[in-house]
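K.L.:
Predicted model, plus sequence, below.
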Amino acid sequence: MDRPVSICASGCICAAGKDTRACFETMLDGDVQPTFAPGFSYDQPMHSPVFAVEQEWITPKEQTPALTETMQLLFPAVGEALAQAGLNRERLGNLKVGSCIGSSTGASLNFKSFYQQWREGSEPDLQVIESYLHCNPAAALADQYELNGPVQTVTNACSSGTDAIGIAASWIRQGLCDLVIAGGADALSGISYTGFSRLMITSPERCRPFDKDRQGLNLGEGAAVLILASDKAMQELKLGSIGQVLGYGTCCDAYHLTAPHPEGTGLKQAISEALKRSKINTQEIGFINVHGTGTENNDRIEGQVISELFPSTPFTGVKSFTGHTLGAAGAIEAVMTLMSLRYGLLMPTRGFHEAAPDAKAIPVTQKTEIKAEYGLSDSLAFGGNNSALVFKKGAV
């Protein structure tokens, strides 16, 4: 069994809201629709709306070289978490603080115009390249707050945010850090948008996870972080607990570049490992915040695994509020899992109306009261990656 790790704060920004509370309330009682944002639409059958963050929610940080779009999302989430914990640069300076951030592309591909100008024979401004070189998410965060602990950016496709939290918890257990700022961030990228469109897995309308008429996913953007703390730091800094990280499991299918194993073997193993390390069984999991992209492959395999391992456990998916935020997805869903544990409420899976004839699992469709000690959040990713985290409510 892994030793539980305290969580003292969270931060979140995505299309559903500008902070953790706003996102949670939108998912419980509100709504948000994807739009055809400038630069993210085509006059083609693959045309798909996206879940973009409201620009008025972001206060751009002015610095040279300029921050990338991903960092402009990550810093507000980190700022929210630090304020919630009552931490500032001075207090952090007396501690060993790690930075572990997951990202799929980190918007590193958002300089298509640079390549176009270069191919046309002109001499494009190198500023966009300078920004990219200075905006490795975990490193840029460590620089911003002068953190002196381990620094790691996790690029494991759509499980990156989940993996970053699992790795960060191990740093606390091993005594490497007093605190770790862990999570994920990804801004919308035109290159990613084109890639998913060419795979023909994007939806021309709002995504409908697990619904019989699902047509695919919508891309989104956002960032979310948790601040993990050692027992000593919790006591000496008098930090309040919002929950605990228990077990983490990860496993690669080694089956296909973009599709999960047809039997869901990697996902089962990742969940099994997370439960084993938490020293609990499947019956003790009170609810699941699933990956739920709305694609045929994901929903069929994930639903199959849930029906087999958790036949009576309620589950929900939030991507019809956020879109698929890639490297940020696991972190946003981890924060929402904690909020559900704290407040005993599970958000509905918007877009779901009727199950497919062969569906083996039906998600929650209404705001639902729950009494759960443990919640599970899982992520599936290109490359065959599968990762799972178990959270517990209350203090260690």
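P.N.:
Done, it's in.
K.L.:
what pairs with residue 223 across the strands?
P.N.:
residue 13, residue 185 (DSSP bridges).
K.L.:
One more: residue 97?
P.N.:
Here residue 97, judged by DSSP bridges, has bridge partners residue 179.
K.L.:
so it touches residue 146, yeah?
P.N.:
No - counting by Cβ atoms under 8 Å, residue 97 sits too far from residue 146 to count as a contact (9.1 Å). For every residue, glycine as well, the C-beta is placed using N, CA and C.
K.L.:
Between those two, which is the more surrounded one?
P.N.:
residue 97 (25 against 10; other Cβ atoms under 10 Å).
K.L.:
residues touching the more buried one, list them.
P.N.:
Residues near residue 97 by Cβ atoms under 8 Å, 6 or more residues apart in numbering: 145, 147-149, 177-181.
K.L.:
Go again with 10 Å.
P.N.:
The neighbours of residue 97, taking Cβ atoms under 10 Å, 6 or more residues apart in numbering as the test, are 87, 91, 141-142, 145-150, 177-181, 227, 229, 233.
K.L.:
Which of those fall within helices?
P.N.:
91, 141-142, 145, 233 (DSSP state H).
K.L.:
Make a PyMOL selection of the buried ones in these.
P.N.:
Per 16 or more other Cβ atoms under 10 Å, the buried members of the ones in helices among the contacts of residue 97 correspond to this PyMOL selection:
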select buried, resi 141+142+145+233
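K.L.:
Residue 104 touches residue 385, doesn't it?
P.N.:
No - in this structure residue 104 lies outside contact range of residue 385 using Cβ atoms under 10 Å: 11.2 Å.
K.L.:
who touches both of the two?
P.N.:
In contact with both residue 104 and residue 385: 156-160, using Cβ under 10 Å, 6+ apart.
K.L.:
which stretches of this structure have low pLDDT?
P.N.:
41-46, 106-110 (pLDDT under 70).
K.L.:
From the centre of it, give me the residue that's furthest out.
P.N.:
Relative to the centre of the chain, the most outlying C-alpha is that of residue 121, 39.5 Å out, by Cα atoms, centre = their mean.
K.L.:
residue contacts, the residue lying closest to residue 208 once chain neighbours are set aside?
P.N.:
Leaving out its chain neighbours, the residue that sits closest to residue 208 by Cβ to Cβ, 6 or more residues apart in numbering is residue 351, at 3.7 Å. Neighbour list for residue 351: 203, 205-211, 213-214, 218, 292, 294, 317, 319-321, 363, 365 [criterion: Cβ under 10 Å, 6+ apart].
K.L.:
tell me which residues in stretch 113-131 are buried?
P.N.:
In stretch 113-131, counting by 16+ other Cβ under 10 Å, buried: 114, 124, 128, 131.
K.L.:
and the residue farthest from the centre of the chain, how far is that from residue 115?
P.N.:
For residue 121, the distance to residue 115 (Cβ to Cβ, to the nearest Å) stands at 12 Å.
K.L.:
all strands for the chain, in order.
P.N.:
With DSSP state E applied, the chain shows strands at 5-14, 97-102, 151-154, 179-186, 222-229, 243-252, 285-289, 315-316, 345-346, 368-369, 374-381, 385-392, listed in chain order.
K.L.:
about what we covered before: how much space separates the residue farthest from the centre of the chain from residue 140?
P.N.:
From residue 121 over to residue 140 (counting by Cβ to Cβ), the distance is 32 Å.
K.L.:
circling back: looking at the shared contacts of residue 104 and residue 385, spot the one nearest residue 270.
P.N.:
In terms of Cβ to Cβ, no member of those lies closer to residue 270 than residue 159, at 8.7 Å.
K.L.:
Test my guess that the closest one contacts residue 250.
P.N.:
Yes - contact criterion Cβ under 10 Å: residue 159 and residue 250 qualify, at 7.1 Å.
K.L.:
what is in contact with these two at once?
P.N.:
With Cβ under 10 Å, 6+ apart as the test, residue 159 and residue 250 both reach 166, 270, 379, 381, 385-388.
K.L.:
For burial, what's the neighbour tally of residue 360?
P.N.:
With other Cβ under 10 Å as criterion, residue 360 counts 14.
K.L.:
which residues touch it?
P.N.:
Taking Cβ under 10 Å, 6+ apart, one finds 300, 303-308, 311 in contact with residue 360.
K.L.:
the more surrounded of residue 159 and residue 250?
P.N.:
Comparing residue 159 with residue 250 by other Cβ under 10 Å, the one with more neighbours is residue 159, at 31 against 22.
K.L.:
Quick check: the gap between that one and residue 326.
P.N.:
10 Å.
K.L.:
Common neighbours of those two, please.
P.N.:
Joint contacts of residue 159 and residue 326 (Cβ under 10 Å, 6+ apart) are 102, 104, 184, 381-382.
K.L.:
And those, which is closest to residue 28?
P.N.:
For these, the nearest to residue 28 is residue 184 (22.3 Å; Cβ to Cβ).
K.L.:
State the number of residues packed around the closest one.
P.N.:
Residue 184 has 38 neighbouring residues, counting by other Cβ under 10 Å.
K.L.:
roughly how far apart are the residue nearest to it when sequence neighbours are not counted and residue 56?
P.N.:
Counting by Cβ to Cβ, 6+ apart, residue 184 lies nearest to residue 161, which is 2.7 Å off, once chain neighbours are set aside. Distance of residue 161 to residue 56, computed by Cβ to Cβ: 25 Å.
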